[in-house]
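J.: generate a structure from the sequence data that follows.
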Amino acid sequence: MLRKIAFAILVFVILVYLFIRVVGVHFQDKPTNISDEINAALRVTPADNIVDMRTLTGNRGWDTLHIILPGTDVSDYLRNFRRTVYVSGHHVSGRLRWGGKQDINIENNPELVLLIFSSRFEVSAYANVVQKYSVVPFAQIVRETGKLVYDYPEAVFELNSMN
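T.: Numbering: from 1, shown residues only. As a prediction, the model looks like this:
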């Protein structure tokens, strides 16, 4: 009888562990919407005229900023973006993945620029930025530089140089 109870407890613990691993990872991998805090921060011109996205995002665990322009199909961008990173002495290639349901649509809204913050190949956070209120002209930067992707150290924008 005692063995049956011990076996039942062991099976229960294993099932709980598997449930947490499967369901918990799903919820953990869902990107965080930080639109409100990013839009609020981007309304104010900093005294030094430098907008550091690393500071604005807090501790979100990202290494790459993607600037997605209005009119872009986000699903297509995620599907087509490929990157190679150097991890633990090896080059690893992969696609950008959005955990959970990706329901962001900026295709038909010329006012929105989507900022995606990713860690290696996983989207960790995102922000829909209303361009007309932002001190950083993200769409203009992309048009002038052709650059959509910024590594963590590069995600600093000097406002004086954008005039």
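
J.: pick out the residue closest to the middle of the chain.
T.: Centroid check for the chain by C-alpha atoms, centre = their mean gives residue 117 as the closest residue, at 2.6 Å.

J.: look up how far residue 2 lies from it.
T.: According to C-beta to C-beta, to the nearest Å, residue 117 stands 52 Å off from residue 2. Just so you know, the C-beta spots here come from the backbone N, C-alpha and C atoms, and that holds for glycine as well.

J.: contacting residues around residue 158?
T.: 49-50 (C-beta atoms under 8 Å, 6 or more residues apart in numbering).

J.: what sits opposite it in the beta ladder?
T.: On the basis of DSSP bridges, residue 158 is bridged to residue 50.

J.: could I get the full set of strands for the protein?
T.: 32-33, 50-52, 64-68, 82-87, 90-95, 112-119, 122-130, 149-151, 156-158 (DSSP state E).

J.: longest helix of this protein?
T.: Ranked by number of residues, the top helix in the chain under DSSP state H is helix 2-19.

J.: that older thread, gap between the closest residue to the residue nearest to the centre of the chain other than its chain neighbours and residue 115?
T.: Leaving out its chain neighbours, the residue that sits closest to residue 117 by C-beta to C-beta, 6 or more residues apart in numbering is residue 62, at 3.8 Å. In this view, residue 62 and residue 115 are 10 Å apart by C-beta to C-beta.

J.: where in this structure is pLDDT low?
T.: Within the chain, the stretches with pLDDT under 70 are 18-29, 161-163.
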